[in-house]
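>>> sequence? don't have it. structure:
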């Protein structure tokens, strides 16, 4: 018996014709996730701040005192890169396994599978906002002060959000087919961490190398945040468009995969 | 006559087959056909029973009808796409660290109800579950019975257009089990469309209008409840009389 056709005419209902309901569900699931996380330890919501502070303090000490590199300016340069990178890495990394993590649920009810990476994005974006807002306040006590250029921050943030949604959605969609990819992915992300210009200024490298490094959208994004925050330089329109274009293409392929495998994932994930 | 039948038809399965593939080793997969050839109609307002022995594909079938998984062969024709078809699963998406209230909301939304629908029914859900003050305590402080009561109350109050039930009619301790079974039976007997999967013959006889009998992933027979149940019973008794070796050959 060969598989002939797989057709479901009309949509088998579950109320997802309603986009509003889907958005409500993402928000509700993200809220629930955040609340559950907060109620786990004694310090609760404080961890959303403490954890990034701890993370950044480690880099601060390693680079400023252990490697004896640079001055206050370098610390600010480093922190901006780290905060922005952390939003990306923590979201992408946990989104990648989000379909596998929810296999029980997707066998009990029908939900559009993009729900799972989107929930992860929502949770981590909320945490990023908390940390980033505090960081902007912190910056007022350094040489970096608020300028008019900061009004362009939302543009930069939204662009990065698009990038994160696209990459998260895409990785979540393909990971169930290649569970072995996880190890490769983790190492690839580690490589990106070193190549995104978090510890060094890419524009100071030889031109020949720069061209390759700027192909990495996260390198572009991190540089853009620094330009806006520290140098009052407005985001480069061409760079913004390139990142958005990359995200749109990635999202398009992800959408194709979700459309085709939406009701097949529960059968293949074990 | 045909058009009259069409109008009451909610969905039809035509020669539906479905396999699960298992990874054996690198690039090598094996297929297990859980459903091979299933055909039946689901009509508005009826209670359709699905009977069959363990492992015949009943639960897989329910998940196909619920739209959770897609078949590999055959067709599903949905005539009433606006209807909400829900598989009643207790405690779908429960998060242990959250309160009963928060879980009721989340679980209900996952089962397809809108946020406002659930919020407006929260009082009924608490009352039915008899959880009282525990409703605002984290679910991980609940006993198994309490958790089942919450799950049942949520599922029961969502009231989708088509209810898909896998065995569970009643849950919890004896008192709550009686209450929940009665509530479910009442709903089944009303003009709600229900698909009930079970191997308990007396229950199916009591509540079902029609029965689909499934054997090894194929529709063996379907039709009037009492007639099909009689056929099913006869085949079971016959099978028990047969020596074991013959059964295997079959």
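Yep, it's here. Quantities reported herein were computed from a predicted structural model and do not represent experimental measurements.
>>> Assign the residue of chain B found nearest chain A to helix, strand or coil.
Going by C-beta to the nearest C-beta, chain A is nearest to residue B:67 of chain B, at 2.8 Å. In this view, the C-beta of every residue, glycine as well, is placed from N, C-alpha and C. Here residue B:67 is recorded as coil under DSSP: H, G, I helix; E, B strand; the rest coil.
>>> That one and residue A:112 touch, don't they?
No: the pair residue B:67 / residue A:112 is not scored as a contact, 11.2 Å apart, by C-beta atoms under 8 Å.
>>> Counting neighbours, go ahead and name the busier of those two.
residue B:67 (23 against 15; other C-beta atoms under 10 Å in any protein chain shown).
>>> ok so, going back, from residue A:262, how far off is the residue of chain B closest to chain A?
Distance from residue B:67 to residue A:262, counting by C-beta to C-beta, to the nearest Å: 10 Å.
>>> For the spatially most central residue of chain B, give me its contacts.
The residue lying closest to the centre of chain B (C-alpha atoms, centre = their mean) is residue B:165, at 2.6 Å. Contacts for residue B:165 (C-beta atoms under 8 Å, 6 or more residues apart in numbering or on different chains) come out as B:88, B:184, B:188, B:194-197.
>>> Please pick the buried ones from these.
B:88, B:184, B:188, B:194-197 (16 or more other C-beta atoms under 10 Å in any protein chain shown).
>>> next one: phi and psi at residue A:205?
With angles defined as degrees, to the nearest 10, residue A:205 sits at phi -80, psi 160.
>>> my read: it touches residue A:213, true?
Yes: at 7.1 Å, residue A:205 counts as touching residue A:213 under the criterion of C-beta under 8 Å.
>>> between those two, which one's more packed in?
More neighbours surround residue A:213 than the other of residue A:205 and residue A:213, with 17 against 14 (other C-beta under 10 Å).
>>> Distance check, that one against chain B.
36 Å (C-beta to the nearest C-beta, to the nearest Å).
>>> Residue B:77 in helix, strand or coil?
Quick answer, by three-state DSSP: residue B:77 is strand.
>>> ok, for the residue of the stretch 151-270 of chain A found nearest chain B, nearest residue in space, not its chain neighbours?
Closest to chain B within the stretch 151-270 of chain A is residue A:263: 3.8 Å, counting by C-beta to the nearest C-beta. Spatial nearest neighbour of residue A:263, excluding adjacent residues (C-beta to C-beta, 6 or more residues apart in numbering or on different chains): residue B:70 at 3.8 Å.
>>> How much space separates the one you found from residue A:196?
Counting by C-beta to C-beta, the gap from residue B:70 to residue A:196 is 40 Å.
>>> same check, this time on residue B:228
Taken as C-beta to C-beta, the span from residue B:228 to residue A:196 is 65 Å.
>>> So for the two, which residue has more residues nearby?
residue A:196 (24 against 21).
>>> and residue B:147, how many residues sit next to it?
Residue B:147 has 21 nearby residues by other C-beta under 10 Å.
>>> May I have the residues that are in contact with it?
B:91, B:94, B:139.
>>> Just the ones of those residues in helices?
Assignment to helices by DSSP state H places none of the contacts of residue B:147 there.
>>> Please list only the buried members of these.
Using 16+ other C-beta under 10 Å as the burial test, the contacts of residue B:147 include B:91, B:94, B:139 as buried.
>>> residue contacts, the residue of the stretch 151-270 of chain A closest to chain B?
A:8, A:110, B:67-70 are the contacts of residue A:263 under C-beta under 8 Å, 6+ apart.
>>> And the residue nearest to the centre of chain B, how far from residue B:98?
Taking C-beta to C-beta, one finds residue B:165 at 26 Å from residue B:98.
>>> And for residue A:34?
Taking C-beta to C-beta as the measure, residue A:34 and residue B:98 are separated by 11 Å.
>>> Could you check which of these two has the larger neighbour count?
More neighbours surround residue B:98 than the other of residue A:34 and residue B:98, with 21 against 17 (other C-beta under 10 Å).
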